[in-house]
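Colleague: Sequence first, then the predicted structure, then my questions.
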Amino acid sequence: MKKIKSEKKLCLICIEEHEVDTVEIVDHEIFKGEEVSYTSTYEYCSNADELLETEEMVKTNSLTMKDAYRKKVGLLTSTEIINIREKYGVSQKDFSEILDWGRATITRYENHQVQDRAHDNVLSKIDSDPKWFLEMLKRAKGRISDKAFSKYHHEASEQFKKKRNQYLIDSIQAIYADYENEAVAGRAELNLNKVVEMINYLALKVDSLHKVKLMKMLWYSDILHFKRSGIAISGLAYSTLPKGAVPEGYDQIVLLNGVSFDTVWYGDNITYKFKPTPGFEIKELGHSEMEVLDEIISKFGNYNTDEIVEMMHEEAYKCTESYRIIPFSFAEQLIID
Ligand SMILES: [Zn+2]
């Protein structure tokens, strides 16, 4: 028996006013054929050496017991169910409607009733798969208010983007796992927040920022900063592609949250034109890093793609075999500086 608090009040066991303790006790119970242990809360009267369960405690203790059962048999707890619903900002009633379950089903699951296994699987899938929730939501259109529908749709889309972004980050980090502790990334640790800030800042300051130009400007910024202070900015590693330096993981980087672009047709080819993301802020780039970016912008900002490609007569580029990582040790031979 563990004392939680003590309060002077009318004791409902001995009907006298005295210090009544609130205590925790480990209880055991058989529920649906399973023995469960859980911590219950009671009031304790030291005069009578007896325990009392207030109405509120009866409810909480029962919920705690059922959550202990849910945990034991691998079902979502009531709190986990509430969190899943709140993640999408959905009301209990609408959640039941979207799932096409009985009106009060979710309310019951969040309180006293243990969900069945099939419903539990659906809730777990919704938790991990926002895209699937979006599909269920579309099916419920017309059964919930338009206003609620668009609110939930927005929230689920945000969850989906977040999920996709995490997947992108993981895949970029998987690529960079090979480069850890090597000089190929200019001694800097990969910082994708900085990468996103660099892209936005360049997109803000440079007109018509296409892929080739952006990639070059990122490389120049990193290698120039490395030359000045012995460390690159982003931690990106660049390799030599036919049109110049391109960061490893480029395909994933341009899809990260916070990177915005329009797709533009060039004859038969499609290309990206980068633009600043509304509301973006510089939070992680430091003073010396911004200075280098500004310098690169003033040097190359007005170049068109062909002029930029022409600029790749840097030793770093000429001396690195195609499709190989460009060493930062070429910084000393930079022509632009
Ligand atoms: Zn008492």
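Modeller: Cool, the structure landed. Numbering: from 1, shown residues only.
Colleague: What residues of stretch 244-259 count as buried?
Modeller: 244-250, 252-254, 256-259 (16 or more other Cβ atoms under 10 Å). Every C-beta, even on glycine, is put in place using the N, C-alpha and C of the backbone.
Colleague: quick one, phi/psi of the residue in the stretch 51-200 of the chain that the ion sits nearest to?
Modeller: The stretch 51-200 of the chain approaches the ion most closely through L52 (8.6 Å), counting by Cβ to the ion. The phi and psi values for L52, taken as degrees, to the nearest 10, are phi -130, psi 140.
Colleague: Contact partners for it?
Modeller: Going by Cβ atoms under 8 Å, 6 or more residues apart in numbering, L52 touches 12-13, 42-45.
Colleague: And M57, by the same measure?
Modeller: 40-43.
Colleague: what is the mean pLDDT for the helix or strand encompassing it?
Modeller: Per DSSP states H and E: M57 is located in helix 55-73. For helix 55-73, mean pLDDT is 95.
Colleague: Going by distance to K72, which of the contacts of L52 wins?
Modeller: Y42 (22.5 Å; Cβ to Cβ).
Colleague: What residues does the closest residue to the closest one other than its chain neighbours make contact with?
Modeller: Nearest non-adjacent residue to Y42, counting by Cβ to Cβ, 6 or more residues apart in numbering: L51, 4.2 Å away. Residues near L51 by Cβ under 8 Å, 6+ apart: 23, 25, 42-45.
Colleague: Just the buried subset of these, please.
Modeller: Looking at the contacts of L51 with 16+ other Cβ under 10 Å, the buried ones turn out to be 23, 42-45.
Colleague: just wondering, since we're on R117, how far is it from K32?
Modeller: 12 Å (Cβ to Cβ, to the nearest Å).
Colleague: Please, where are all the strands along the stretch 1-150 of the chain?
Modeller: 2-10, 17-31, 34-45, 50-52 (DSSP state E, counting those that start in this stretch).
Colleague: ok, the shortest one: who's next to it in the sheet?
Modeller: Each strand paired with strand 50-52, and its direction, by DSSP bridges: strand 34-45 (antiparallel).
Colleague: Tally up the residues packed near M1, please.
Modeller: Look at M1: counted by other Cβ atoms under 10 Å, it has 10 neighbours.
Colleague: Leaving out sequence neighbours, find the closest residue to K161.
Modeller: Closest to K161 by Cβ to Cβ, 6+ apart is N257, at 6.1 Å.
Colleague: I'd say that neighbour and N165 touch.
Modeller: Yes - at 4.4 Å, N257 and N165 qualify as touching, with contact defined as Cβ atoms under 8 Å.
Colleague: From F226, how far out is Q333?
Modeller: Using Cβ to Cβ, we find Q333 at a distance of 12 Å from F226.
Colleague: who has more neighbours, those two?
Modeller: F226 (23 against 13).
Colleague: how about that one, what does it touch?
Modeller: By Cβ under 8 Å, 6+ apart, the neighbours of F226 are 186-187, 232, 328, 331.
Colleague: Now a ChimeraX select for only the buried ones of those.
Modeller: To isolate the buried ones among the contacts of F226 in ChimeraX, judged by 16+ other Cβ under 10 Å, type:
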select :186,232,328,331
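Colleague: can you put the contacts of F226 in a markdown table and add secondary structure?
Modeller: Shown next, in a markdown table, are the contacts of F226 (DSSP: H, G, I helix; E, B strand; the rest coil):
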| residue | secondary structure |
| --- | --- |
| G186 | coil |
| R187 | coil |
| A232 | coil |
| F328 | helix |
| A331 | helix |
